[in-house]
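Undergrad: got a predicted structure here, sequence first:
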Amino acid sequence: MNADLIITSLAAAGQANDGLDNYAALGVLLLIAVGFGVFNLVATSLLGPSRTGPVKESVYETGMNPIGSARKRFNVRFYILAMTFLVFDVEIVFLYPWATVFPNLAPGDPLGLQFLARMLFFIGTSIIAFLYAWRKGVFAFD
Amino acid sequence: MEFLPQLITSVVMIVLIMHVLLIGGPAYGIYVERKIASWAQDRIGPNRVGPIGLLQPIADGLKFFMKEDYNPGNVDRNLFLLAPVLAVIPAMLAWATIPWGGTWLSPWGELSLGVADINVGVIYILAIGSLSVYGITIGAWAANNKYTFFGGIRATAQMLSYEIPMGLCVLCVLLLAGSSRPMTIVQDQIGYWWGVIPAWNIFQQPIAAVLFFICILAESNRAPFDLAEAEQELIGGFHTEYSSMKFAMFFLGEYMHMATASAFLTLLFLGGWHLPFVDYLIWGGAEPAKVNLLGVLLNLGVFIAKVFTLVGLMMWVRWTVPRFRFDQLMRLAWRGLIPITLGLLLITGVMVYLDLTGYLWLGNAALLAIVMAVLPFIPKGADVNRKVGLRGSRFSPATD
């Protein structure tokens, strides 16, 4: 509804769309990075010696005979933690556009209060979720 | 073709900064770190190769290439080869939007001395920086070893957990600058309050700056948060099964990540290329937004000096503070940093709305007071860290 206003305030903060020209150098950098990684991988496999044997092939477990497989189940707390992370990270992603628009509104702009109130409500819901997770012991790793 | 001068500048900057980061980061960074370690522990450190060991990094680099590149029999071969590359690529990409030298008023127009001056620069650094977790996770899983597996899940949980407070600290700065273009954020900090205090964000948001430093230590897997490669518990952690250059690539990634994270902190909180008080002598006031060639070269030097000072600080921390335990690490992130940064974000938002950004340091102090007041009322849960008296020892003699 206030798209024009948002675009104007973004342009004022140097946030306007700046075309693909600026991304050209990123492509060069990506090529260099991939080339560097692949070169290292190939060079080191060609340069070094290569010998093998049944003991050398086995899993390193401080010199003991390996016991069982490493493909085991692990603690469910890591799953819950990952889900909680997703909630908060997505929340933060939503906050970035707000943080670039909101400070550029003129002081006393009625929209300002609206923007602030909406975000406070949004963060408030996450805080409730955070407190619930805390009470449920998601963050208790001991 | 009007973007050609900018593209040429960007490519020159790629070559220049890549060398600075590769030589100052992994190569001589490791040398300096070993020297700092030796000073901290009253040893001599590397001193055999070249004068005071200065050629040690070159010898190490050659040795990495000449060592056997071994793939153990039980590994998941494709992923095992992919993981080191995945660890090194984000590290080499993430520094691209850092504005190393500001804007150059050149004969060919205004050129920005960074690789890419894009409007989502800050989000780009966060996004690419957090991709490095894939290299570690995939490598740990592919090696099919119990130690790498534990190191991998620890590293994943740690990097996920510390990304949230890091993002919230960045948000606190974005609210001040009103832009996510790194160039604008730095230019916003150039200036003075009452002519004496540099208008750096660290003086406006001291809590965010300190917490951000803690988060970048954890994000780049540095001590005291190097749980992922805790050698006393996990041998080498996620890189136990790696050898030769594949192993070195994880280290390249870690040290370049350190340098990038320091550059990010410099850009957000330490005024970027701003050299306080010297600009009074040169420009007779706060540094202008666009400067000549000597100006940008000075900017570049100042920025890089700040970055390597921070890298040195991270090394100092590593050899001073002992490693955290895993539950302490998680408690610090989820019960400590996230509530504090959320509170800081709320305070910053309200103060930006009230147009009181000049008094943010008061808001920070208020937050600190609130935290101190609330801390005793937080339920502590099971106290696993209680001290068990050594019965019969010199410090707690047996009473019965």
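TA: That came in fine, so what should we check first?

Undergrad: how about the closest residue to residue B:112 other than its chain neighbours, what does it touch?
TA: Excluding its sequence neighbours, the residue lying closest to residue B:112 (C-beta to C-beta, 6 or more residues apart in numbering or on different chains) is residue B:103, at 5.3 Å. All C-beta spots, glycine's among them, are computed from the backbone N, C-alpha and C. Residue B:103 makes contact with B:110, B:111, B:112, B:113, B:183, B:289, B:290, B:291, B:296 under the criterion C-beta atoms under 8 Å, 6 or more residues apart in numbering or on different chains.

Undergrad: and these, which is closest to chain A?
TA: Set against chain A, the nearest of these by C-beta to the nearest C-beta is residue B:183 (7.3 Å).

Undergrad: the closest one: neighbour count?
TA: 24 (other C-beta atoms under 10 Å in any protein chain shown).

Undergrad: so what's the residue positioned nearest the centre of chain A scoring on pLDDT?
TA: The centroid of chain A falls nearest to residue A:89 when counting by C-alpha atoms, centre = their mean (7.1 Å). Reading off the confidence values, residue A:89 has pLDDT 86.

Undergrad: can you check the one 10 residues further on too?
TA: In this prediction, residue A:99 carries a pLDDT score of 86.

Undergrad: element containing it?
TA: Using DSSP states H and E, residue A:99 sits within helix A:77-101.

Undergrad: angle of the helix or strand that that helix is followed by against helix A:77-101?
TA: For helix A:77-101, the following helix or strand on the C-terminal side (DSSP H and E) is helix A:110-135. Interaxial angle, helix A:110-135 versus helix A:77-101 (axes from the mean of the first three to the mean of the last three C-alpha atoms, to 10 degrees): 170 degrees.

Undergrad: close to chain B, is helix A:110-135?
TA: Yes - using C-beta under 8 Å from any C-beta of the partner chain, helix A:110-135 reaches chain B at A:112, A:113, A:116, A:119, A:120, A:123, A:126, A:127, A:130, A:134.

Undergrad: now do the residue nearest to the first one when sequence neighbours are not counted, the pLDDT please.
TA: Spatial nearest neighbour of residue A:112, chain neighbours left out: residue A:105 (4.7 Å); criterion: C-beta to C-beta, 6+ apart. The confidence metric pLDDT takes the value 78 at residue A:105.

Undergrad: the one 5 residues further on too?
TA: Predicted confidence (pLDDT) at residue A:110: the value is 80.

Undergrad: where are the low-confidence patches of the chain?
TA: Reading this off chain A. In the predicted model of chain A, residues A:1-19, A:142 satisfy pLDDT under 70.

Undergrad: the intended chain is chain B.
TA: Ranges of chain B meeting pLDDT under 70: B:1-2, B:379-400.

Undergrad: show me where the stretch 251-400 of chain B has its helices.
TA: B:278-283, B:293-318, B:326-331, B:338-353, B:360-374 (DSSP state H, counting those that start in this stretch).

Undergrad: most packed of these?
TA: Comparing the helices of the stretch 251-400 of chain B by mean neighbour count (mean count of other C-beta atoms under 10 Å in any protein chain shown), helix B:338-353 ranks first with a mean of 21.

Undergrad: can that one be said to contact chain A?
TA: Yes - residues of helix B:338-353 contacting chain A under C-beta under 8 Å from any C-beta: B:338, B:339, B:342, B:345, B:346, B:349, B:350, B:352, B:353.

Undergrad: which elements pack onto that helix?
TA: Secondary-structure packing of helix B:338-353 (3 or more C-beta pairs under 8 Å, 6 or more residues apart in numbering or on different chains; DSSP states H and E): helix A:110-135, helix B:146-177, helix B:206-219, helix B:360-374.

Undergrad: so which of these is nearest residue B:275?
TA: helix B:206-219 (18.5 Å; C-beta to C-beta).

Undergrad: next SSE after that closest one?
TA: helix B:231-234.

Undergrad: how about that next one: buried residues?
TA: residue B:234 (16 or more other C-beta atoms under 10 Å in any protein chain shown).

Undergrad: one step back: just the buried ones from the contacts of residue B:103?
TA: Here, 16+ other C-beta under 10 Å leaves B:111, B:112, B:113, B:183, B:290, B:291, B:296 buried among the contacts of residue B:103.

Undergrad: quick check: the second one touching residue B:99?
TA: Yes - contact between residue B:112 and residue B:99 holds when scored by C-beta atoms under 8 Å: they sit 6.4 Å apart.

Undergrad: mutual contacts of the two, please.
TA: Common neighbours of residue B:112 and residue B:99 (C-beta under 8 Å, 6+ apart) are residue B:183.

Undergrad: isn't residue B:308 up against residue B:25?
TA: No - judged on C-beta under 8 Å, residue B:308 makes no contact with residue B:25 at a distance of 9.1 Å.
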